[in-house]
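A.B. asks: after the sequence you'll find the predicted model.
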Amino acid sequence: MSRKRILFITNDFSRHLQRSFHYFAEELAKLANLTQWHKPGHIRDILGQLPHKPDFILINDSHQGQRGHSPAIEGLAGLDIPFGVI
């Protein structure tokens with residue numbers, strides 16, 4: 001079975017004191033082909049910049065933007081790729 005491609009949309013926590021999301025991404029990368037995205041934008045534009053279409057999109061927080069744990073992402077309602085929010 002091939003490894004799934006996961007797009008993880010999250011803010012960059014690699015330099016934060018509390019780095020649990022950074023460690024989570026490291027562990028997830030051991031199980032799947034992981035691409036991380038840290039910038040806001042429309043999901044179609046983001047997908048157009050990736051080398052491969054992901055099998056699943058994981059968003060790190062339903063509160064997006066400056067107060068949340070992920071950048072603001074638009075266009076999720078019309079998405080044909082399964083996605084989840086943690």
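C.D. replies: Received the coordinates, thanks.

A.B. asks: buried ones in the lowest-mean-pLDDT helix or strand in the chain?
C.D. replies: Ranked by mean pLDDT, DSSP states H and E, the weakest helix or strand in the chain is helix 20-31, scoring a mean of 88. Within helix 20-31, the residues that count as buried by 16 or more other CB atoms under 10 Å are 21, 24-25. The way it works is simple: take the backbone N, C-alpha and C, and place the C-beta from them, glycine included.

A.B. asks: what angle sits between the helix or strand following that helix and helix 20-31?
C.D. replies: Using DSSP states H and E, the helix or strand that follows helix 20-31 in sequence is strand 33-37. Angle, strand 33-37 to helix 20-31, by axes from the mean of the first three to the mean of the last three CA atoms, to 10 degrees: 150 degrees.

A.B. asks: give me the contact list for strand 33-37.
C.D. replies: 3-10, 12, 25, 28, 46, 50, 52, 54, 71 (CB atoms under 8 Å, 6 or more residues apart in numbering).

A.B. asks: any chance of the buried residues of helix 20-31 in CSV, plus distance to Asn33?
C.D. replies: Listed next are these as CSV, based on distance: CB to CB, whole Å:
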residue, distance to Asn33
Phe21, 19
Phe24, 16
Ala25, 13
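
A.B. asks: show me where this structure has its helices.
C.D. replies: For the chain, the helices defined by DSSP state H cover 20-31, 43-48.

A.B. asks: what pLDDT does the spatially closest residue to Leu50 that is not a sequence neighbour get?
C.D. replies: Of all residues not flanking Leu50 in the chain, Thr35 sits nearest, at 6.1 Å (CB to CB, 6 or more residues apart in numbering). For Thr35, the model assigns a pLDDT of 96.

A.B. asks: who does Thr35 form a beta bridge with?
C.D. replies: Counting by DSSP bridges, Thr35 is bridged to Leu7.

A.B. asks: counting neighbours, what do you get for it?
C.D. replies: Neighbours of Thr35 under the rule other CB atoms under 10 Å: 17.
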